[in-house]
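[1] quick check, what structure comes out for this input:
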Amino acid sequence: MKTSCPACGATASLDVLLGNEGAREAVMAALAMPAPIGKLLIQYLGLFRPAHRNLSFDRVATLLNELLPLIAEAKIERNGRVWSAPQDYWRMALEEMLAKRETLTLPLKSHGYLLTIIAGYSSKAEAVQEAQSENTRAGRTPVGSVAARQPVAPAQPEQKRTPIPESVKAELGRLKTKTHP
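    Model prediction:
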């Protein structure tokens with residue numbers, strides 16, 4: 001059975017791929033990747049391919065094995081700080097990198113730019129969360145927000161008042177005349 005790499009276009013037999021240690025590691029790492037971002041990762045690997053050569057299977061395995069633990073843990077470390085990195089951030093960052101393919105200096109040497117994009121998404125999310133927390137703490141709600149559009153509970157209907165008993169009226173009248181001559 002012949003297989004073809006969508007990133008580099010190399011064609012090889014599946015037996016040959018699994019017989020080569022680097023290829024076997026690359027295939028195993030690719031199979032361990034989450035399905036929603038697997039195709040994007042394969043396209044992303046194409047950004048590492050030298051202009052006039054194929055990307056070696058050893059290099060593919062190395063690149064995938066560098067990313068696999070980061071994706072699985074859903075966090076990255078960048079500039080001495082740990083950032084949240086859910087799969088949505090990975091997907092968006094990979095899509096952004098592929099969209100910017102023409103402006104990137106290729107071949108890529110590391111995952112640095114990808115990790116910087118993910119850290120940016122995480123930073124923006126933290127800023128939004130912090131702003132919401134501060135607004136809540138300060139008692140502010142945004143105009144037009146869900147909280148502002150909540151209907152106000154209707155006032156309780158006025159209950160019928162019972163008249164004051166005559167004995168209470170008489171006592172009040174007596175107290176009133178004592179204090180005011």
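[2] use CA for all of it now, contacts and neighbours both
    Noted.
[3] could I get the full set of helices for the protein?
    For the chain, the helices defined by DSSP state H occupy 14-19, 21-32, 35-45, 57-73, 87-99, 112-138, 146-149, 166-179.
[4] can you give me how far the longest one is from the chain middle?
    Here helix 112-138 is found 10 Å from its chain centre; the criterion is Cα atoms, centre = their mean, to the nearest Å.
[5] check which helices and strands that helix sits against.
    For helix 112-138, the packing partners by 3 or more Cα pairs under 8 Å, 6 or more residues apart in numbering; DSSP states H and E come out as strand 75-78, strand 81-84, helix 87-99.
[6] of all these, which one is nearest residue 164?
    Closest approach to residue 164 among the helices and strands packed on helix 112-138 (Cα to Cα): strand 81-84, 67.5 Å.
[7] give me the mean pLDDT for the closest one.
    Strand 81-84 carries an average pLDDT of 92.
[8] do stretch 105-112 as well
    The average pLDDT for stretch 105-112 rounds to 94.
[9] distance between the ends of it?
    One end of stretch 105-112 sits 13 Å from the other (Cα to Cα, to the nearest Å).
[10] can you point out the buried residues in it?
    Across stretch 105-112, burial judged by 16 or more other Cα atoms under 10 Å covers residue 108.
[11] can you give me the offset of it from its chain's centre?
    What separates the centre of stretch 105-112 from the centre of its chain is 24 Å, taken as Cα atoms, centre = their mean.
[12] show me what that stretch is in contact with.
    47-51 (Cα atoms under 8 Å, 6 or more residues apart in numbering).
[13] narrow those residues to those that are buried.
    Among those, the ones that count as buried by 16+ other Cα under 10 Å are 47-49.
[14] out of those residues, who's nearest residue 88?
    Looking across the buried ones among the contacts of stretch 105-112 and measuring by Cα to Cα, the closest to residue 88 is residue 47, at 20.5 Å.
[15] contacts only, for that closest one.
    101, 106-108.
[16] can you rerun that using 10 Å?
    Neighbour list for residue 47: 7-8, 55, 97-98, 101, 104-109 [criterion: Cα atoms under 10 Å, 6 or more residues apart in numbering].
[17] repeat for residue 69
    Going by Cα under 10 Å, 6+ apart, residue 69 touches 33, 75-76.
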